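Colleague: Take a look and give me a structure for this.
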Amino acid sequence: VKVSITNAMFKKLQFHNFQNVGSEDIDPPLTIAFETEAIWVEEPQKVKIYFENIMKATAPGEVPRYYEGIGEAFLNAFMIRTMTTNNDVGCHVFLDLNKENEKVRNIAIYDNYTGGLGFAEKGYELLREIISEAHFIVKECRCTAGCPACTGVDRIDKKVILWAILSFLEEAVEPTNFEI
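Modeller: Numbering: from 1, shown residues only. The predicted structure follows:
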């Protein structure tokens with residue numbers, strides 16, 4: 001895969017306490033592009049339909065961050081299983097066309113090094129365990145609505161995230177009474 005990362009601004013932090021003291025735009029933005037190895041998983045059809053219905057129920061301009069939460073949970077589990085850090089691997093959720101020419105979201109986890117170092121290959125071998133681990137991480141977290149530790153985002157319905165992650169492995173019963 002070809003990965004392109006662009007930084008358009010940087011955040012200024014105080015050295016001793018990491019307090020945010022502002023940000024600055026970078027002009028022109030810094031961009032790095034490289035070819036590397038990756039694994040990606042396509043969202044199950046049931047998850048796609050469920051999230052489309054959630055999107056219809058949200059207020060205009062408000063986008064639930066469920067895919068971001070699933071991607072972050074997958075990335076955390078990937079790093080645990082492959083003994084890597086966020087400097088070694090990255091994650092991105094993207095739209096693509098499937099075999100039936102429908103738009104579907106995919107979650108890609110890629111090596112953060114040109115040519116790859118084999119992390120994605122190892123992740124491919126452990127994919128079922130990584131998805132199970134992602135489910136475990138979110139389920140066992142003490143938060144009630146997602147957090148930086150389990151989903152990377154907060155104020156999302158954890159039962160929806162848990163169902164979606166489990167749906168990558170098996171048929172699961174859709175949650176009802178979700179909160180947007």
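
Colleague: For the helix or strand bottoming out on mean pLDDT in the chain, list every residue counted as buried.
Modeller: Using mean pLDDT, DSSP states H and E, helix 45-57 stands out as the lowest-scoring helix or strand of the chain, at a mean of 84. By neighbour count on 16 or more other CB atoms under 10 Å, the buried set for helix 45-57 is 47-48, 50-51, 54. All C-beta spots, glycine's among them, are computed from the backbone N, C-alpha and C.

Colleague: Please give the centre-to-centre distance between that helix and its chain.
Modeller: 17 Å (CA atoms, centre = their mean, to the nearest Å).

Colleague: which SSE is Ala134 in?
Modeller: Following DSSP states H and E, one finds Ala134 within helix 127-140.

Colleague: need the contact list for Phe78.
Modeller: Phe78 makes contacts with 84, 89, 91, 109, 123, 130, as judged by CB atoms under 8 Å, 6 or more residues apart in numbering.

Colleague: Can you name the element that comes right after the helix or strand it falls within?
Modeller: Using DSSP H and E, Phe78 maps to helix 66-82. Toward the C-terminus, helix 66-82 is succeeded by strand 89-97 as the next helix or strand (DSSP H and E).

Colleague: and that next one, what does it pack onto?
Modeller: Contacts defined by 3 or more CB pairs under 8 Å, 6 or more residues apart in numbering; DSSP states H and E place strand 89-97 against strand 2-13, helix 66-82, strand 103-111, helix 119-125.

Colleague: can I get the contacts of Phe78 in JSON lines with distance to Gly115?
Modeller: Listed next are the contacts of Phe78 as JSON lines, based on distance: CB to CB, whole Å:
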{"residue": "Thr84", "distance to Gly115": "16"}
{"residue": "Val89", "distance to Gly115": "14"}
{"residue": "Cys91", "distance to Gly115": "19"}
{"residue": "Ile109", "distance to Gly115": "16"}
{"residue": "Gly123", "distance to Gly115": "16"}
{"residue": "Ile130", "distance to Gly115": "22"}
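
Colleague: Same list, those, but as CSV with neighbour count please.
Modeller: Converted to CSV, the contacts of Phe78 look like this (neighbours: other CB atoms under 10 Å):
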residue, neighbour count
Thr84, 19
Val89, 23
Cys91, 22
Ile109, 27
Gly123, 25
Ile130, 27
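
Colleague: follow-up on the earlier one: could you export the least confident helix or strand of the chain as PDB, CA atoms only?
Modeller: Taking Å, rounded to 0.1, in the frame of the first residue of the first chain, the C-alpha atoms of helix 45-57 are listed here in PDB:
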ATOM      1  CA  GLN A  45     -22.400  -5.900   5.500                       C
ATOM      2  CA  LYS A  46     -24.500  -6.000   8.700                       C
ATOM      3  CA  VAL A  47     -22.200  -3.400  10.300                       C
ATOM      4  CA  LYS A  48     -22.400  -1.200   7.200                       C
ATOM      5  CA  ILE A  49     -26.200  -1.200   7.100                       C
ATOM      6  CA  TYR A  50     -26.400  -0.600  10.900                       C
ATOM      7  CA  PHE A  51     -24.000   2.400  10.800                       C
ATOM      8  CA  GLU A  52     -25.800   3.800   7.700                       C
ATOM      9  CA  ASN A  53     -29.000   3.800   9.800                       C
ATOM     10  CA  ILE A  54     -27.200   5.500  12.700                       C
ATOM     11  CA  MET A  55     -26.000   8.200  10.300                       C
ATOM     12  CA  LYS A  56     -29.500   8.900   9.100                       C
ATOM     13  CA  ALA A  57     -30.600   9.400  12.700                       C
END
